[in-house]
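Asks: Below: sequence and its predicted model.
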Amino acid sequence: MTRLRSIASCLLLFALASCGGVSDAPSTASVLQRGISSDPETLDQHRSRSIQAADVIRDLGEGLLGYSATGELVPAAAASWEVSEDGLKYTFHLRDGLRWSNGDALTASHFVAGMRRLVDPSTAAFYAEMLGDLENAAAITSGDIPVSMLGVEAPDERTVVLRLVQQTPYLISLMTHPSTFPIHPGSIAEHGESFARPGKLVSNGAYRLEAWVPGSIISLRRNEHYWNNAGTAIDAVNYHVIVQDSAEMNRYRAGELHITSTVPPDNFAQVREEYGEQLHVAPYLGVYYYGYNLTKPPFKDNPALRQALSMAVDREQLALRVTGRGEAPAYSWVPQGVNNYEPPLSSFAALSKDERDRYARRLYEEAGYSAENPLKIEVRYNTNDTNKKIAVAIQSMWREVLGVEATLINEEFQVLLANMRDAEITQVFRSSWMGDYNDAHTFLSVLQSNSAANMPRYEDEEFDSLMALAADQLDPEQRKLYLEEAERVMLADYPVIPIYFFVSKHLVTPEVEGWGDNVLDYHYSQQLSFKAVQ
Amino acid sequence: MLRYTLLRILGAIPTLLLVIALAFLMVHAAPGGPFDDERALPADVEANIAAAYHLDEPLPQQFLRYMSGLLQGDLGPSYRYRDYTVAELIGTAFPYSLKLGALAMALALLLGVTAGTVAALRQGTALDKVVMGFSMTGISIPVFVIAPVLVLFLAVKLQWLPAGWSGTTGMSRYLLPVITLALPQIAYIARLTRASMIDVLSRDFIRTAYAQGLGTATVVRVHALKPAMLPVLSYMGPAIAAILTGSVVVEEIFGIPGLGQFFVRGALNRDYTLVLGIVVFYASLIVFLNLLVDILYGAIDPRVRYR
């Protein structure tokens, strides 16, 4: 009897557990199910930092400008704008009748309030330097002068004026970045720092925040007060937080997602075969690189050795056989596809593999190394399958071509970052850089001697002065030439080994329309729609 | 009994303090900070952020600040989830972990004890071998292998159950995680029960019970089950620990917003306050559960007396 009763109650438990089915099935309502690889830190545009936060905030908020699905700049909250002849004054004219998600009128002063909050030291915003070229921005962030002195003003309810201290040709593209979005002053007054939580956040974009369960899901609903509400097809968006790419893949396979945030590296060829046109792979503004620690031997003052190691890396093999998801081999620092820029290539790009290897061996010997006296170095990378495969491949390329004895050390990401910063024990380290806006400056400025992100600690007067010349240049053609020359000078110094340029990878179900591939990998939900259900 | 309980609770305070101090030291000793990134920050910005989170203070001062907050029941703000306090995150996450863990434990006990008892009664038969064979497999296969296999078959191929937790409601979303988490425990408990039951069934008092004319079911239910459960009860402590650690993996694979996921992510992100908060919470929970098991032991086994 006991046994029978146990089995019966066990069955009952399962029966109970099984009731309640799958709701929110993707295809029934106009609800878009998207994967996202981690939670946003916050939906406060000034205290957030990650790509994931920016993705969600671009659905919730709106800047003066935006991007089309294929990555062209388009008017957003601003209907039009002009730039003064000296390039130091930008005037934006807002659309008529803009409203916040609670129905309040959205005025130019709300953009001013947003930009002031961004540079205010008490906000401690990660992107405070984003508007560093605005008048007085740097001094405000350092806490030297009050925030009201920032070079932004609202002469009337529908006009925003920005004043710059120097030419910033990419300024209008910064107006698409969440950190320059307007802020609803009433919410901050009422809720303080927690104004961005569900139930409190007042937004000005196509959607409003409905709910957020940290670690699980962020739900957005249509903002009825949005100026282009009539042109927005999708009623609601769910961002499902899925950390593991294989778990995300399974959920796509099970029909629970319309769009994935990435595609796992394993079995990529099989995924391509299986999903065909559902798979979207597109160039992305990001470079995967190895950096040298230029403050210590053996790489300090040793460009020949740096060049030898760089030349011995067979980028085609790495991109084709190791990463294999359509990444482009990198012979420059700035990726192809950046606006108004033609990246110069490393001098050896045109040579054959054999020629490169021979040349690399000669440089290696000139630097004083040989088979008897090989270079012994440590390569640090953060723990990750792809990083490991690449490190192993490079280790063997260096050994085969030059006889270098490289020791691979994998470190947890935060440990590697700390070591890169200290520049004490690092020799060669893995890193990457993702562009914040579509301009070569977002890449080249990293290697300026005063940049905090300059992990190799590259310092070169000629490079710095060319960057300064480009910054002062009014003529876009001339500026382009200065930037390209700066990159050429830097590449000839070999402070880094660019390895490949990233690609964005998504699976998108056939029922989703309006998807466009673009180098920034921005995909606004409001631009998407569902095909009419048969 | 009351005296014993009070003494045990008092004795737990130094243990907890030690755990907190060690955890504090360990999270801060790990290289890197919560706001480090490949996108390194300009010095001004970095200083503003460090000041906002008191990270510019010397470590002892940070510890005192943390402890004084803790004594007032304040676990501090999360560094990663900047709009949430640690207490809020634990408060929302723990119920999910608790539900997951409790269901898994209930399932494990129910199936484990049943299977073990059946195997013991049919010792040496094919049924016994099948049950023990299954349980050996259950113990050997790790959770991170079981989970994707179950998802692949039940969610992706057959589409009977949801593959992920978010976006669905009802109990169906708990089914796969609970089974995954319970499987190794079912296996272990079945083996424990079987061994213990075989031992108990060979005792004199069981023979006496049979001699009185009682049926097998009554003998097992009334006389054998209680003493046979003692090893299983002792195993509850480790089992709960295993379910807690196992839930870290299961929560991540199924995307359940439970404590385990926050613990792992918190450690990787150097979210000092979140990790410490969860350590404090878990440590208190384990101390409490140990106490509970000791008290329960007395209730089941009359030979145990508390002083």
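Replies: Yes, it's here.
Asks: Neighbours of residue 166, how many?
Replies: Let's take chain A. 12 (other CB atoms under 10 Å in any protein chain shown). Just so you know, the C-beta spots here come from the backbone N, C-alpha and C atoms, and that holds for glycine as well.
Asks: you looked at the wrong chain, it should be chain B
Replies: Neighbours of B:S166 (other CB under 10 Å): 26.
Asks: which residues are contacting the host helix or strand of A:N410?
Replies: In this assignment (DSSP states H and E), A:N410 forms part of strand A:405-411. For strand A:405-411, the surrounding residues in contact (CB atoms under 8 Å, 6 or more residues apart in numbering or on different chains) are A:374-383, A:387-388, A:391-392, A:394-395, A:398-399, A:419, A:428.
Asks: cool, stretch B:147-156 as well?
Replies: Around stretch B:147-156, the neighbours that count as contacts under CB under 8 Å, 6+ apart are A:246-247, A:250, A:253-254, B:160-163, B:176-177, B:179-180, B:249-250, B:253-254.
Asks: The spatially most central residue of chain B: helix or strand, and which one exactly?
Replies: Centroid check for chain B by CA atoms, centre = their mean gives B:L244 as the closest residue, at 2.2 Å. Using DSSP H and E, B:L244 falls within helix B:230-254.
Asks: For that helix, name the packing helices and strands.
Replies: helix A:245-253, helix B:86-121, helix B:143-150, helix B:172-201, helix B:259-269, helix B:272-300 (3 or more CB pairs under 8 Å, 6 or more residues apart in numbering or on different chains; DSSP states H and E).
Asks: That one versus helix B:272-300: what angle between them?
Replies: 150 degrees (axes from the mean of the first three to the mean of the last three CA atoms, to 10 degrees).
Asks: What confidence value was assigned to residue 214?
Replies: Answering for chain A, as no chain was given. Reported pLDDT at A:P214 in the predicted model: 90.
Asks: switch to chain B, that's the one I care about
Replies: Value for B:L214, per-residue pLDDT: 88.
Asks: Just give me the neighbour total for it.
Replies: Each residue near B:L214 was counted by other CB under 10 Å, and the total is 16.
Asks: Would you check how far apart it and B:F205 are?
Replies: Distance from B:L214 to B:F205, counting by CB to CB, to the nearest Å: 11 Å.
Asks: Name the residues contacting each of those two.
Replies: The contact sets of B:L214 and B:F205 overlap at B:H223 (CB under 8 Å, 6+ apart).
Asks: how far out from the middle of the chain is stretch A:445-454?
Replies: From the chain centre to the centre of stretch A:445-454 is a distance of 17 Å (CA atoms, centre = their mean, to the nearest Å).
Asks: Could you list the single helix or strand in chain A with the lowest mean pLDDT?
Replies: None of the helices or strands of chain A scores lower by mean pLDDT, DSSP states H and E than helix A:2-18, at a mean of 39.
Asks: Please see if the very next helix or strand once past that one touches chain B.
Replies: Later in the chain than helix A:2-18, the nearest helix or strand by DSSP H and E is strand A:31-36. Yes - Strand A:31-36 is in contact with chain B by CB under 8 Å from any CB of the partner chain, via A:Q33.
Asks: which outside residues touch strand A:31-36?
Replies: Outside strand A:31-36, the residues touching it (CB under 8 Å, 6+ apart) are A:24, A:26, A:52, A:55-56, A:218, A:234-242, A:248, A:251-252, A:256-262, A:512, A:525, A:528, B:167.
Asks: Pull out the buried members of these.
Replies: Applying 16 or more other CB atoms under 10 Å in any protein chain shown to the contacts of strand A:31-36, the neighbour count classes A:24, A:26, A:52, A:55-56, A:218, A:234, A:236-242, A:248, A:251-252, A:256-262, A:512, A:525, A:528, B:167 as buried.
Asks: just for the stretch 101-250 of chain B, where's the confidence low?
Replies: Filtered on pLDDT under 70, the stretch 101-250 of chain B yields the residue ranges B:167.
Asks: What parts of it come near chain A?
Replies: B:103, B:106-107, B:110-111, B:113-114, B:117-118, B:148, B:151-152, B:155-156, B:159, B:162-172, B:174-175, B:178, B:217, B:220-221, B:225.
Asks: Of those, grab the buried ones for ChimeraX.
Replies: In ChimeraX, the members of these classed as buried (16+ other CB under 10 Å) are selected with the following command:
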select /B:103,107,110,111,113,114,117,118,148,151,155,156,162,163,164,165,166,167,168,171,172,174,175,178,220,221,225
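Asks: Show me what residue of chain B gets nearest to chain A.
Replies: Closest approach between chain B and chain A, counting by CB to the nearest CB: B:G170, at 1.7 Å.
Asks: Derive a PyMOL selection command for the buried subset of the contacts of stretch B:147-156.
Replies: Selecting only the buried entries of the contacts of stretch B:147-156 in PyMOL, with 16+ other CB under 10 Å as the criterion:
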select buried, (chain A and resi 247+250+253+254) or (chain B and resi 161+162+163+176+177+179+180+249+250+253+254)
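Asks: What is the neighbour count of B:K226?
Replies: B:K226: 12 neighbours (other CB under 10 Å).
Asks: got it, and the one 5 residues further on?
Replies: A count of neighbours around B:P231, defined by other CB under 10 Å, yields 15.
Asks: Provide a list of residues in contact with the nearest residue to A:E424 once chain neighbours are set aside.
Replies: Leaving aside its chain neighbours, A:E424 sits nearest to A:K296 (7.9 Å; criterion: CB to CB, 6 or more residues apart in numbering or on different chains). By CB under 8 Å, 6+ apart, the residues touching A:K296 are A:A423, A:E424, A:Q427.
Asks: please redo it, this time with the cut-off set to 10 Å
Replies: Listed by CB atoms under 10 Å, 6 or more residues apart in numbering or on different chains, the contact set of A:K296 reads A:A423, A:E424, A:I425, A:T426, A:Q427, A:R457.
Asks: The last one: neighbour count?
Replies: The one in question is A:R457. That count, for A:R457 with other CB under 10 Å as the rule, works out to 18.
Asks: Give the buried residues for stretch A:312-323.
Replies: A:A312, A:V313, A:D314, A:R315, A:L318, A:A319, A:V322, A:T323.
Asks: Please name the nearest non-neighbouring residue to B:Y53.
Replies: B:Y79 (6.4 Å).
Asks: Just read off the phi/psi values of the one you found.
Replies: Dihedral pair for B:Y79: phi -80, psi -30, per degrees, to the nearest 10.
Asks: Tell me, how many residues neighbour it?
Replies: 22.
Asks: Next one: it relative to B:L268, how far apart?
Replies: Going from B:Y79 to B:L268 by CB to CB gives 12 Å.
Asks: Now for those two: what residues contact both?
Replies: Joint contacts of B:Y79 and B:L268 (CB under 10 Å, 6+ apart) are B:V275.
Asks: so what's A:D55 up against?
Replies: Per CB under 10 Å, 6+ apart, neighbours of A:D55: A:R34, A:I36, A:S37, A:P40, A:P178, A:Y239, A:S261, A:D521, A:Y522, A:H523, A:Y524, A:S525.
Asks: again, only this time at 7 Å
Replies: Contact analysis of A:D55 by CB atoms under 7 Å, 6 or more residues apart in numbering or on different chains lists A:I36.
Asks: and it, what element?
Replies: Here A:D55 is assigned to helix A:51-60, by DSSP H and E.
Asks: need the strands for the stretch 301-450 of chain A, in chain order.
Replies: For the stretch 301-450 of chain A, strands defined by DSSP state E, counting those that start in this stretch occupy the ranges A:328-329, A:376-382, A:405-411, A:428-434.
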